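[1] all I have is the shape, not the residue letters:
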DNA sequence: TCACGTTCTCTTGCATGCAACAGAACGTAC
DNA sequence: GTACGTTCTGTTGCATGCAAGAGAACGTGA
């Protein structure tokens, strides 16, 4: 059952460095929070020795994804509710910053991508295609982040999202039809500001949007699986 | 000569984890950018084997401080000018965010620290005590960052500053009497906004301040040692 | 003098072995 | 039944050995 999940996916974990593969394993949700990640087992699973596994786990520790208890073991780390709130605050700051930076740039290809994205989102929303909508939301945010033309920002955002990616909380927005409509309008508002080169307004609109969706997710999770988050 | 430098300092590198010690070594400037960091030499220097050194270097690579060329060696990494600009943009965003968050919080002890800090800064500026002034600036910024009460923000900011801490560029502000006065006034403005609980104004004031000082540093370095940064 | 093939050295990458420790499991005394 | 001391198993931490590769150094031919 657990294995079937990985089998069903396009196996993104099979590609890339060992670190990426181990990270995908942790983020994949196959190991629930608190589950032990034995170095020897992982070593066997990936067909390498303990040493490179150790290096990867150490890195994941610094990324906040696992916890290494000396002489005891390595465990999948569950972020506290407080941390999630903090991460969303950061997300708001970084995405706002990115939107502002993008607005300052001239006419760049990212704008076309965003325009089509918003149009497609409207369609996906009308068709109630939750999966496609979630995918478009993902693209929208990442396009703006990358559109900032600031690689360090992208790096930090990536780190942030990895920590936030737990529990596939990301796609939950798609389940609320009411929120979808609001969310689409907010995307539209952000894009308008960017195209108007109003970097101040773009940042404000983006932050407003991120804040609204994070509030949605936080209140959601609080009621849905309060025990695991609080 | 090189050894004497470490001997002369209060040896902050002697404390903390191995990672911290190696990081201090790199940031200490004893190894110029591009200098090789041999695993075996470091292992001897720290009295451990290659393995823990390797782990530390790998981590420093992810922090952007060193570059590991496979099968060739590990080298102190020199950030490009573009990266420095990107980092300053991020710095502006994070410090602005922190100032805003701090302003939202009620009357917290950080406010007293900041108040005294600004007062002391005025004195230090009047007395032309550059070292003390630089120290106070450092405290001012970190107090606001920590005052955000957002540990994830602190973590990201710490990472950021490590990358920016190269070449002790940080203290250069102290060399410009004109900039000092402006800088102090900007600190005062930020503090006023925070104490007025104007989180919007606090963020704006902070960003304005960070932007101004980063412009100062960037134009400085461009003229001073253009070759090494561009 | 220059171009080119070869050796040679130094580096990292990874596998493995052993020691140290945490914590569970167990037995024992009361 | 309970508290406590002991063993025992599993885990990580680190040292070491060996192999593979990159690049310098060198020699050789023209």
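    Received it, and whenever you're ready, just let me know what you need. Remember, it's a predicted structure, so these values are computed and weren't measured experimentally.

[2] what's the closest non-adjacent residue to the residue nearest the centre of chain A?
    Nearest to the geometric centre of chain A sits residue A:161, at 3.8 Å (Cα atoms, centre = their mean). Leaving aside its sequence neighbours, residue A:161 sits nearest to residue A:91 (Cβ to Cβ, 6 or more residues apart in numbering or on different chains; 7.7 Å). Every C-beta, even on glycine, is put in place using the N, C-alpha and C of the backbone.

[3] can you tell me what sits against stretch A:142-154?
    Around stretch A:142-154, the neighbours that count as contacts under Cβ atoms under 8 Å, 6 or more residues apart in numbering or on different chains are A:94-95, A:97-99, A:101-102, A:105, A:108, A:110, A:113-114, A:117, A:157, A:190, A:194, A:206, B:83, B:86-87, B:89-90, B:93, B:160, B:163.

[4] ok, stretch A:108-128 next?
    With Cβ under 8 Å, 6+ apart, stretch A:108-128 has contacts from A:102, A:132-133, A:136-137, A:139-140, A:143-144, A:146-147, A:177, A:180-181, A:184, A:187-188, A:191, A:194-195.

[5] check which helices and strands whatever helix or strand the residue nearest to residue A:161 lives in is in contact with.
    Per DSSP states H and E: residue A:91 is located in helix A:81-104. In terms of contacts (3 or more Cβ pairs under 8 Å, 6 or more residues apart in numbering or on different chains; DSSP states H and E), helix A:81-104 is packed against helix A:130-147, helix A:151-164, helix A:177-195, helix A:199-224, helix B:81-104, helix B:151-164.

[6] redo that, cut-off 10 Å
    helix A:109-126, helix A:130-147, helix A:151-164, helix A:177-195, helix A:199-224, helix A:226-229, helix B:81-104, helix B:151-164 (3 or more Cβ pairs under 10 Å, 6 or more residues apart in numbering or on different chains; DSSP states H and E).

[7] what's the most buried one of those?
    Mean neighbours per residue, mean count of other Cβ atoms under 10 Å in any protein chain shown, is largest over the helices and strands packed on helix A:81-104 for helix B:81-104, with a mean of 22.

[8] now it: average pLDDT?
    Per-residue pLDDT over helix B:81-104 has a mean of 97.

[9] from the chain's centre, how far out does it sit?
    Computed by Cα atoms, centre = their mean, to the nearest Å, the chain-centroid distance of helix B:81-104 equals 12 Å.

[10] same thing with stretch A:96-114?
    20 Å.

[11] now the end-to-end length of that stretch.
    End-to-end distance for stretch A:96-114, by Cα to Cα, to the nearest Å: 16 Å.

[12] roughly how far apart are the residue nearest to the centre of chain A and residue A:128?
    For residue A:161, the distance to residue A:128 equals 26 Å [Cβ to Cβ, to the nearest Å].

[13] neighbours around residue A:47, how many?
    6 (other Cβ atoms under 10 Å in any protein chain shown).

[14] the one 5 residues further on now?
    The burial count assigned to residue A:52 is 16, neighbours taken as other Cβ under 10 Å.

[15] quick check: it touching residue B:51?
    No: applying Cβ atoms under 10 Å, one finds residue A:52 not in contact with residue B:51, separated by 11.7 Å.

[16] rewinding a little: out of the helices and strands packed on helix A:81-104, flag the one nearest residue A:38.
    helix A:151-164 (21.8 Å; Cβ to Cβ).

[17] quick one, the closest one and helix B:81-104 angle?
    50 degrees (axes from the mean of the first three to the mean of the last three Cα atoms, to 10 degrees).
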